[in-house]
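# model this:
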Amino acid sequence: MNTIFIKNMVCNRCIMVVQSELEKLGLEVVDIKLGEASVQKELTAEEKSQLEKALFSFGFEMIDDKKARTIEKIKNVIINLVHYQDNDIKTNLSEVLSKELHQDYNYLSHLFSEVEGTTIEKYFIAQKIEKVKELLVYDELSLSEIAFRLNYSSVAYLSNQFKKITGLTPSYFKQIREKKRKPLDQV
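Okay, here's the model as predicted:
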């Protein structure tokens, strides 16, 4: 079995696209999740080259560097936690990352800051704010329900953090919601 690490996979649609491209190349997919895909056999140089081109056309990149793979895993754990695990953010982020990546949080934090130029915490907050934007646009939940879902201690705290990051209040953002959101891989 061979694991391929892939940058910029941020949603279930990304997983479907990557799986489709692997299958087009005749590769048997054993497992696939955000940031990585396992195939039955080792890729030849030609298959690897074809896969890199195919993935690149969809905005993905194959990752060979160990540090880059670790950074991508950190991002994927955070994206999964914020965007797909409703109200499970109550757990301690440093514990979740250490457990998921089987590495010391201090090492992960230092590496992330060194490579990304921002902290894990700021990245986590940016993802939470993107989720708030998404939920505001859907207009199905009140701000209070959004605060609860994303484990904010209060609506006021969520509003203050939202304004600090976006420059807008959540209610004003809701009014101008046609404003485009950033894709998750550009946060």
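# got a pLDDT number for the residue nearest the centre of the chain?
Taking C-alpha atoms, centre = their mean, the centroid of the chain lies closest to I79, which sits 3.2 Å from it. Looking at I79, its pLDDT is 92.
# so how far is Q19 from the residue nearest to it when sequence neighbours are not counted?
Computed as C-beta to C-beta, 6 or more residues apart in numbering, the closest residue to I79 that is not its neighbour in sequence is V10, at 5.5 Å. Using the backbone N, CA and C atoms, a C-beta is placed for each residue, glycine as well. Distance, V10 to Q19, by C-beta to C-beta, to the nearest Å: 15 Å.
# cool, and E28?
Distance of E28 to Q19, computed by C-beta to C-beta: 11 Å.
# what do you get for F112?
F112 is 28 Å from Q19, where distance means C-beta to C-beta.
# out of the two, which sits in the busier spot?
A direct count of neighbours by other C-beta atoms under 10 Å for F112 and Q19 places F112 higher, at 23 against 14.
# hang on, that one packs against I120?
Yes: counting by C-beta atoms under 8 Å, F112 touches I120, with 4.9 Å between them.
# so what sits against both of those two?
Shared contacts of F112 and I120, defined by C-beta atoms under 8 Å, 6 or more residues apart in numbering, comprise I74.
# And the strands in this structure?
Secondary structure of the chain, counting by DSSP state E: strands at 2-7, 29-33, 36-39, 61-63.
# Torsion angles phi and psi at E28?
Dihedral pair for E28: phi -80, psi 120, per degrees, to the nearest 10.
# which residues touch it?
Contacts for E28 (C-beta under 8 Å, 6+ apart) come out as 39-41.
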